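> Got a sequence here, can you build the structure:
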Amino acid sequence: MKAIVFGHNVSDGEKLALNAGFEIVKKDPDFVISYGGDGTLMKAEYAYSGIPKIVLKDSAICKVCSEFPNEMVLQKVTGGSYDTKTLMMLDATVKGKTITGMNDIVVHNGDPRHGMRYRLWTNGKQIGNIIIGDGIVVATPFGSTAYYRSITDSFFEIGIGLAFNNSIEQSDHVVLDDQAIIKLEVTRGPALVYADNQKEYLELKEGQEVTIRQSIKKARWVIVK
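Here you go, the predicted structure:
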């Protein structure tokens, strides 16, 4: 089995992989070994989209890591004792440019001194009128235990979650069908659009729109048995 190790301590991860019988390569791997925590996994997906990820713990915070020790995780994979889970991802598109997130898409006011004003539609139906607040978080089931949960105190397993961040009006979160299309138009900005913890972002000026929907890209996560 061929693998690329991704993380801060690559040399340590490569030693673990070699001891378990993996071949370390620079390209065309069978697996990407994410050696870190939750954030490392998202960065690994961004760098190596669609390739199955084996998650090893090298961080104090790793909710997605296996309960088994790292050495055992790798041994189980080389021994064939694993399944591959496919995870939904989300696209955010502004003026023909798209960014993709595994956890969530966040639309946030660009100036923290001022709330953003925006109109919002789900599947062509407008929600309320002008909404004032810090923006929205649109989450996948995988990402619903992160920022989405901190806002809503809830999570979900199916669909797309929509949470309102510090809205002046009472705005309840909602879980939509996984084929839902969410459109946001900024009426007073600017606003910024982020995907997960990526450095790249999109800017929304007044009158511009972002469309958020399920991506054709899928993340693949290895779960050992």
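> Okay, buried residues for stretch 29-47 please.
Of the residues in stretch 29-47, 29, 31-38, 40-46 count as buried by neighbour count, 16 or more other Cβ atoms under 10 Å. C-beta: built from backbone N, CA, C; applies to glycine.
> and which of the residues you listed is nearest to C65?
G37 (7.4 Å; Cβ to Cβ).
> how much space between the closest one and Y201?
Distance of G37 to Y201, computed by Cβ to Cβ, to the nearest Å: 22 Å.
> Quick check: which ranges of this protein have low pLDDT?
Filtered on pLDDT under 70, the chain yields no residues whatsoever.
> Domain-wise, how is it divided?
The record's domain split for the chain, according to automatic domain parsing, is 2-80, 88-217.
> Now do the end-to-end distance for the longest one.
Put plainly, it is domain 88-217. For domain 88-217, the first and last residues are 8 Å from each other (Cα to Cα, to the nearest Å).
> can you check stretch 110-124 too?
Terminal residues of stretch 110-124 are spaced 25 Å apart (Cα to Cα).
> Narrow the buried residues of stretch 29-47 to those in helices?
38, 40-46 (DSSP state H).
> want to throw the residues you listed into TSV with distance to H108?
What follows is those, written out as TSV (distance: Cβ to Cβ, whole Å):
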residue	distance to H108
D38	20
T40	23
L41	22
M42	18
K43	20
A44	24
E45	22
Y46	19
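> ok, so of those residues, who is nearest G133?
Distance to G133 across these (Cβ to Cβ) is lowest for M42, with 25.2 Å.
> looking at it, the closest one is touching N197, isn't it?
Yes. Assessed by Cβ atoms under 8 Å, M42 is found in contact with N197 at 5.7 Å.
> Overlap in contacts, these two.
Counting by Cβ atoms under 8 Å, 6 or more residues apart in numbering, M42 and N197 have no contacts in common.
> If we go by neighbour counts, what in stretch 127-139 is buried?
Neighbour-count burial for stretch 127-139 flags 131-139 (criterion: 16+ other Cβ under 10 Å).
> Among those residues, which are located in strands?
Among the buried residues of stretch 127-139, DSSP state E puts 131-133, 135-139 in strands.
> Could you point out the longest strand of the protein?
Per DSSP E, the chain has its longest strand at strand 209-224.
> Over to A3. Which of the three states is it?
Here A3 is recorded as strand under DSSP: H, G, I helix; E, B strand; the rest coil.
> same question, the one 10 residues further on
When the structure is reduced to helix, strand and coil (three-state DSSP), G13 reads as helix.
> pretty sure it is in contact with V55, am I right?
No. Counting by Cβ under 8 Å, G13 does not reach V55; the two are 11.1 Å apart.
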